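Visitor: Give me a 3D structure for the following:
(2 chains)
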Amino acid sequence: MDRLTASLVLLLLGGVTLRVSLTDAYLAYVQAGFRPFLLAAAAVLLVLGVIGAVRERPGRALGTDDHRHDQAHDHDHDHGHDHGHDHGHAHGPRVAWLMLAPVAVLLLVAPPALGSFTAARQPQQVVAEQPVAVGIGPDDPGEDFRTLPLSAYAIRAVAEDTSAFEGRRVRLTGFVTPREGGGWYVTRIAIQCCAADAVAHTVVVDGPRGDLPADQWVDVVGTWAPPVPHPTRGWPEPVIAPESVTPVDPPADTYAD
Amino acid sequence: MTGPTTTAEAPPAPPRRRLLPTDVLVVACLAIVAVRFLAPGAFTAPALQAWSTVFVAVCLQALPFLVLGVLLSAAITAFVPADFFERAMPRRAGLAVPVAGLSGAVLPGCECAAVPVAGSLVRRGVAPAAALAFLLSAPAINPVVLVATAVAFPDEPWMAPARFAASLAVALVMGWLWARFGRGEWLRLPARAGAPAGTPRSAVFREAAQHDLVHAGGYLVVGGLTAATLNVAVPREWLDSVAGSAVLSVLVLAVLAVLLAVCSEADAFVAASLTSFSLTSRLVFLVVGPVVDVKLVALQSGTFGRRFALRFAPATFAVAVLAALAVAWVVW
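Guide: A predicted model of the protein is given here:
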């Protein structure tokens, strides 16, 4: 890979990085607070790419005014390959071509945030890491239910003391994941840094799924019901008995709960 | 996509002109655009999408840290006088190793930033043993990572100190091992054009930064490809099935740390989520991950050469497991 190509590859990588971090698209991959770092990295890539591409542009007279071509020839001898043509600067190894892979994947697949496929593959027992407050707080203003983060409901719903749910209705928001052995879950995926450390939080919805497709986002308003055993693993799974299930648009940041 | 592209696209101008890399790039870009418009719905399989999400996530997550490391490394090349480190570091490798290992605490980044910085330290004449101690300690003992560890394990106040102790021990032991047994010929830093006298510093800086980015960037993608594949392919179920065995759980989490290649700033949260595993095995995960993982080995072979990485990674793996076990035995 010569210098001009290397500069253009940096330019492309910087361009797609800028593109995903200027819109909300980056929220499918990394946590929200990461945006400034992505923008800064994209800016560095673009600046290096633009300067490099301008200085190496085709047609620029060779060996006129700067030292870099002398260096480039030393470089050639060190590496011992890529001799033989005018621009043989041997600037990057072959593997540098792989930097086009994220560009291609982002442009072609434009992968969405992790959903039911990941949630179904990563079942996780609900365990309270530390004692959580049992209470769930007052109802939402003007409503007769309390909106809870799905993970917060899951932890409280399998606790020993579930008295806080008596006579209360809660609202959970998440996407549909089909349940092994029948039924379905309302699901959230949480990430700490990026999608590689995703953890799924699932709550069994004890009611008909109707024709809701997997990954459809829904609001579930309902009441607490006793945990049921996981169909293959046997650990207790939190349950909600739904009174209403309403399809909704996915939030901008699907990982934030 | 970068494979055997046809020569049909090559410009006809000079006779028998070789296909230039730029031509390949143009063809690759045209191919991407063509597929995007001709077959827009071709990539909707859930497994492919989940794989792509994790792949892009690993790349995007690591990119700013890699850029930070590359800029730091270029700054060392361009602005730090050549004899600075010779004067600043103790002359004896035995002493330089702990100094370099502890100074890893000041680089607030993950392993992707540490590799290019360590490479430029070696170029600047720092003893390789000391630079390697820095390489291993920086991603594991900096304040950001230690705070993240403490936050992820609120009930285990000893987890962060244990991680600090074990990771520093790995860095020191590997540095000393290299000083004793390492051979210079294993290290093969890709030649970076030495700037002739009189080159403006800004030009040196820019050249060095671009060079390092192009060299490390491709390897980062290799790591992303591997991590995404394993992340999607390894079922969590068989992980839980081995968690009960003391020996197996340590081995499995050590290997998992290598294969998952989670950033050292995030791995504490992954470890915290593996609730069925013992604290000892999770400490092993936290100590191995920042010093050996698939992405890091790929980056290291790009920066220090393949012969180096093939020897260094397995030795580091063994030392890291032993150090974590020793610390866990003392603490718990």
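
Visitor: Now do the end-to-end distance for stretch A:241-254.
Guide: Using CA to CA, to the nearest Å, the end-to-end distance of stretch A:241-254 comes to 23 Å.

Visitor: Tell me the buried residues in it?
Guide: Under the neighbour-count criterion of 16 or more other CB atoms under 10 Å in any protein chain shown, stretch A:241-254 has A:Pro242, A:Val245, A:Pro251, A:Thr254 buried. (Glycine included, C-beta is placed from N, CA and C.)

Visitor: how about TSV for these, with distance to chain B, pLDDT and secondary structure added?
Guide: Formatted as TSV, the buried residues of stretch A:241-254 follow (distance: CB to the nearest CB, whole Å; pLDDT from 0 to 100; DSSP: H, G, I helix; E, B strand; the rest coil):
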residue	distance to chain B	pLDDT	secondary structure
A:Pro242	25	96	strand
A:Val245	22	96	strand
A:Pro251	17	94	coil
A:Thr254	11	94	coil
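
Visitor: what kind of secondary structure is residue 244 in?
Guide: Just so you know, I chose chain A. Reducing the assignment at A:Ser244 to three states with DSSP: H, G, I helix; E, B strand; the rest coil gives strand.

Visitor: sorry, should have said chain B
Guide: Going by three-state DSSP: B:Gly244 is coil.

Visitor: is chain A contacted by stretch B:223-233?
Guide: Yes: counting by CB under 8 Å from any CB of the partner chain, chain A has neighbours in stretch B:223-233: B:Gly224, B:Leu225, B:Ala227, B:Ala228, B:Asn231, B:Val232.

Visitor: Ranking by neighbours, what's the top pick from those?
Guide: For those, counting by other CB atoms under 10 Å in any protein chain shown, the largest number of neighbours falls to B:Gly224: 29 neighbours.

Visitor: Quick check, B:Asp240 in contact with B:Leu253.
Guide: No: in terms of CB atoms under 8 Å, B:Asp240 does not count as a neighbour of B:Leu253; the distance is 12.0 Å.

Visitor: who's more crowded, those two?
Guide: For B:Asp240 against B:Leu253, the residue with the higher neighbour count under other CB under 10 Å is B:Leu253, and the figures read 29 against 18.

Visitor: where does that one land on pLDDT?
Guide: The predicted local distance difference test score for B:Leu253 is 90.

Visitor: Okay, it and chain A: tell me how far apart.
Guide: Plainly put, B:Leu253 is 15 Å away from chain A if you go by CB to the nearest CB, to the nearest Å.

Visitor: that's a helix at that residue, yeah?
Guide: Yes: using three-state DSSP, the assignment for B:Leu253 is a helix.

Visitor: if I look at B:Asp293, how far off is A:Ile136?
Guide: Counting by CB to CB, to the nearest Å, the separation of B:Asp293 from A:Ile136 is 40 Å.

Visitor: Neighbour count: these two, which is higher?
Guide: Residue environment comparison for B:Asp293 versus A:Ile136 gives the larger neighbour count to B:Asp293, 27 against 17, counting by other CB under 10 Å.

Visitor: Does the more buried one touch B:Glu111 like I think?
Guide: Yes: with contact defined as CB under 8 Å, B:Asp293 reaches B:Glu111; the gap is 7.4 Å.

Visitor: List the residues that contact A:Pro102.
Guide: A:Pro102 sits next to A:Leu13, A:Val16, B:Phe55, B:Val56, B:Cys59, B:Leu60, B:Val221, B:Gly224 when contact means CB atoms under 8 Å, 6 or more residues apart in numbering or on different chains.

Visitor: Contact residues of the stretch 101-250 of chain A facing chain B?
Guide: With CB under 8 Å from any CB as the criterion, the stretch 101-250 of chain A comes near chain B at residues A:101-109, A:111-118, A:121-125, A:127, A:129-130, A:192-199, A:233.

Visitor: For PyMOL, write the selection for the buried entries among these.
Guide: To isolate the buried members of those in PyMOL, using 16+ other CB under 10 Å:
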select buried, chain A and resi 101+102+103+104+105+106+107+108+109+111+112+113+114+115+116+117+118+121+122+123+124+192+193+194+195+196+197+198+199
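
Visitor: A:Gly222 belongs to a strand?
Guide: Yes: according to three-state DSSP, the state of A:Gly222 is that of a strand.

Visitor: now it: how far from A:Glu237?
Guide: 15 Å.

Visitor: likewise B:Ser120?
Guide: 52 Å.

Visitor: Please apply the same query to A:Arg179.
Guide: According to CB to CB, A:Arg179 stands 9 Å off from A:Glu237.

Visitor: Next, show the common contact partners of the two.
Guide: A:Val204.

Visitor: who has more neighbours, the two?
Guide: Using other CB under 10 Å, the more surrounded residue of A:Arg179 and A:Glu237 is A:Glu237, with 23 against 20.

Visitor: Contact partners for that one?
Guide: For A:Glu237, the contact set (CB under 8 Å, 6+ apart) comprises A:Val126, A:Val158, A:Thr202, A:Val203, A:Val204, A:Pro227, A:Val228, A:Pro229, A:His230.
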